[in-house]
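Asker: Below: sequence and its predicted model.
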Amino acid sequence: MPTLHFKGKSIIRAHHLTLPYRQLTPDPARSLTARPGLADNLIIHGDNLLALKSLLPSFSGKIKCIYIDPPYNTGNEKWVYNDAVNSPMHQDWLKQVVDREDLTRHDKWLCMMWPRLILLRELLREDGAIFISIDDNEVHNLRAVMDEIFGEQNFVATVIWQKNYSPKNSAKFFSEDHDYIVVYAKSLQAWALNLLPRTEEMNQRYDNPDNDPRGPWKPSDLSARNPYSLGTYAITTPKGRVISGPPKGSYWRVSKEKFTELDKDGRIWWGKDGDSVPAIKRFLSEVKEGLVPQTLWFYKDVGHTQDAKKELLSIIDFQSSEEVFITPKPSGLIRRILQIATDDDSIVLDSFAGSGTTGQAVLALNAEDGGNRKFILIEQEDYADTLTAERVRRVIRGVAGARDEKLKAGYGGSFTFLTLGEALEEGAALKGDRLPTYEELARYVFFTATGEQLDEAQVDESRWYLGESRQYEVYMIYQPDVAFLKNNPLNLAFADALGPYKSKTRLVIASHKYLDDDYLRDYRLEFCQLPFAIYRFRA
């Protein structure tokens with residue numbers, strides 16, 4: 001398979017592995033819930049690369065649908081490359097605004113996207129999919145890098161979204177009317193899309209002029225252009241007129257025998273006078289429950305950019321026009337993605353959350369169909385609270401003056417606002433930093449040691465038991481207290497208390513040990529020292 005080469009790729013390829021896991025710290029004052037926690041909808045304020053890494057212990061392989069709207073890299077967005085990559089070249093890039101004069105802007109964009117896409121793929125369920133908004137500036141690079149990370153065999157489609165409703169007369173060449181949404185599945189074999197609901201307008205195309213007891217129907221052309229060896233026969237109408245064959249250059253789509261069967265069953269329409277070219281009756285009761293999604297999404301169906309701005313302004317009161325978020329997406333666009341790619345209880349992730357449109361779309365669809373979808377929004381800019389979270393607060397509580405009655409009343413729901421805390425790294429205790437709680441550390445060490453999610457129902461802190469993985473029984477001797485850690489090693493008393501060996505090696509995570517390798521081998525134990533030197537246990 002062809003691969004994409006860009007400046008910095010050799011350094012950035014494994015950058016995600018060097019990132020520390022950070023604590024996700026609830027902020028009750030900014031949350032909209034009585035019980036903050038990871039089981040809630042989440043809004044995370046912080047660098048989205050670090051936030052994605054910190055989500056892995058709790059959400060790896062659990063996200064059904066990802067939508068992201070990264071910088072399009074037009075040269076006018078004033079985005080800054082700020083990933084702390086330990087290389088002189090990347091250090092030179094830090095804090096520099098990426099504009100059109102930057103000869104490495106495509107390289108910077110790819111270096112920014114690569115580790116994020118790696119982590120996003122890890123977070124996806126096997127039957128999940130990712131939808132990425134982009135335009136002509138980077139769509140070619142995006143496709144190439146997605147083929148490399150997700151596999152070209154998992155490409156689903158490139159959707160064309162009609163974002164403008166009228167031409168821009170100020171355009172130098174063409175007035176650009178569309179953006180792209182690039183779609184990849186984690187595993188195309190495992191992914192299945194949902195049909196879109198039929199609209200009332202579509203159903204109104206069906207009529208019943210002959211009072212057929214099977215209900216409304218619409219005529220479908222009997223002829224087709226596809227060659228069919230049995231499709232060139234003559235037809236006689238009920239009035240006796242002979243139709244010598246199908247229209248020139250086409251064929252009847254069914255054989256004469258099949259046509260006769262359809263006519264006997266009242267499935268052929270000869271027109272009101274019984275002398276017209278026949279058509280096949282397609283009954284509304286027999287069509288699919290929904291529609292197969294197409295790759296052209298028109299603004300009349302999903303909204304356009306001006307709709308998005310009006311929608312945002314109707315919810316958030318901006319102090320001045322300069323404060324208005326300039327690139328929101330219409331909630332109808334995200335709603336279309338959710339209809340296609342989620343189940344009633346799916347988790348939806350948006351790591352470039354911006355104005356919070358994805359959160360609104362999830363809540364709106366839940367209110368409509370009774371679903372229990374959850375969202376995770378990540379925003380690193382300062383407006384994570386005042387815009388991203390504030391929009392979600394208002395659509396939950398209700399927006400006075402909204403045209404939509406459900407939005408006026410409020411969609412209901414809750415969310416936990418989180419910030420990125422200290423890195424879960426060696427030396428935290430020595431530096432006097434807050435130590436993570438047992439629950440926080442348990443999720444982290446179990447995932448990092450085994451590559452599997454912690455089942456919190458298995459945790460028994462009274463005997464330091466975290467649960468079983470495919471390979472281990474996992475224990476963690478820990479309390480967020482330095483004195484405790486100094487005085488509670490893995491020792492013979494703890495090993496004896498574990499009881500007889502069963503079938504799985506016992507992995508014990510502790511601050512230190514008083515057992516030598518012979519004892520560890522006899523007791524079928526693996527020791528891992530806190531804090532966090534546990535990567536070698538990953539399969």
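Answerer: Arrived safely. Residues are numbered from 1 along each chain as shown.

Asker: Using the record's domain definitions, break this protein down for me.
Answerer: Domain ranges of the chain: 9-197+292-420, 200-286, 438-537, per automatic domain parsing.

Asker: and Thr3, which of those domains is closest to it?
Answerer: Distance to Thr3, taken as Cβ to Cβ, is lowest for domain 9-197+292-420 among the domains of the chain, at 5.6 Å. Heads up, the C-betas are built off the backbone N, CA and C, glycines and all.

Asker: quick one: average pLDDT of the closest one?
Answerer: On average, the pLDDT along domain 9-197+292-420 is 91.

Asker: on that earlier part again, can you add mean neighbour count and give the domains of the chain back as JSON lines?
Answerer: Output for the domains of the chain, formatted as JSON lines (neighbours: other Cβ atoms under 10 Å):
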{"stretch": "domain 9-197+292-420", "mean neighbour count": "18"}
{"stretch": "domain 200-286", "mean neighbour count": "14"}
{"stretch": "domain 438-537", "mean neighbour count": "17"}
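
Asker: Adding distance to Thr3, write those domains out as a markdown table.
Answerer: Formatted as a markdown table, the domains of the chain follow (distance: least, Cβ to Cβ, whole Å):
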| stretch | distance to Thr3 |
| --- | --- |
| domain 9-197+292-420 | 6 |
| domain 200-286 | 40 |
| domain 438-537 | 26 |
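
Asker: So which of those domains is nearest Pro2?
Answerer: Of all those, domain 9-197+292-420 sits nearest to Pro2, with 7.5 Å by Cβ to Cβ.

Asker: Please state the offset of the closest one from the chain centre?
Answerer: Taking the mean of its C-alpha atoms, domain 9-197+292-420 sits 8 Å from the chain's own mean (Cα atoms, centre = their mean, to the nearest Å).

Asker: Check the separation of the first and last residues in it.
Answerer: One end of domain 9-197+292-420 sits 27 Å from the other (Cα to Cα, to the nearest Å).

Asker: Over to stretch 61-71?
Answerer: Distance between the boundary residues of stretch 61-71 (Cα to Cα) amounts to 26 Å.

Asker: any residues touching it, and which ones?
Answerer: For stretch 61-71, the surrounding residues in contact (Cβ atoms under 8 Å, 6 or more residues apart in numbering) are 77, 79, 98, 109, 112-113, 116, 120, 122-134, 327, 329, 334, 337-338, 341-343, 346-352, 354, 358, 376, 453.

Asker: between the domains of the chain, which one is nearest to Met1?
Answerer: Nearest to Met1 among the domains of the chain is domain 9-197+292-420; the distance by Cβ to Cβ comes to 6.1 Å.

Asker: For stretch 37-56, list the C-alpha coordinates in CSV.
Answerer: Extracted in CSV, the C-alpha atoms of stretch 37-56 (Å, rounded to 0.1, in the frame of the first residue of the first chain):
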residue,chain,number,x,y,z
GLY,A,37,-18.5,10.9,37.1
LEU,A,38,-17.3,9.2,34.0
ALA,A,39,-20.7,7.4,33.5
ASP,A,40,-22.2,10.8,32.6
ASN,A,41,-22.0,12.9,29.5
LEU,A,42,-18.5,14.5,29.6
ILE,A,43,-17.1,17.8,28.6
ILE,A,44,-13.3,17.9,29.0
HIS,A,45,-11.3,21.1,29.0
GLY,A,46,-7.7,20.5,28.0
ASP,A,47,-5.3,19.6,25.2
ASN,A,48,-7.2,17.2,23.1
LEU,A,49,-4.2,14.9,22.5
LEU,A,50,-3.6,14.5,26.2
ALA,A,51,-7.3,14.1,26.9
LEU,A,52,-7.6,11.3,24.3
LYS,A,53,-4.7,9.5,26.0
SER,A,54,-6.3,9.9,29.4
LEU,A,55,-9.6,8.5,28.1
LEU,A,56,-8.1,5.2,27.1
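
Asker: Distance of Arg393 relative to Lys248?
Answerer: Distance, Arg393 to Lys248, by Cβ to Cβ, to the nearest Å: 65 Å.

Asker: what comes into contact with stretch 293-300?
Answerer: Residues outside stretch 293-300 that contact it (Cβ under 8 Å, 6+ apart) are 157-165, 181, 193, 195-196, 307, 333, 336, 340.

Asker: same thing but at 10 Å, please
Answerer: Contact partners of stretch 293-300, identified using Cβ atoms under 10 Å, 6 or more residues apart in numbering, comprise 156-165, 177-181, 183, 193-196, 301, 303-307, 330, 332-333, 336-337, 339-341.

Asker: so how far is Ile316 from His16?
Answerer: According to Cβ to Cβ, His16 and Ile316 sit 34 Å apart.

Asker: meant to ask about Ile347
Answerer: From Ile347 across to Ile316, the span is 26 Å (Cβ to Cβ).
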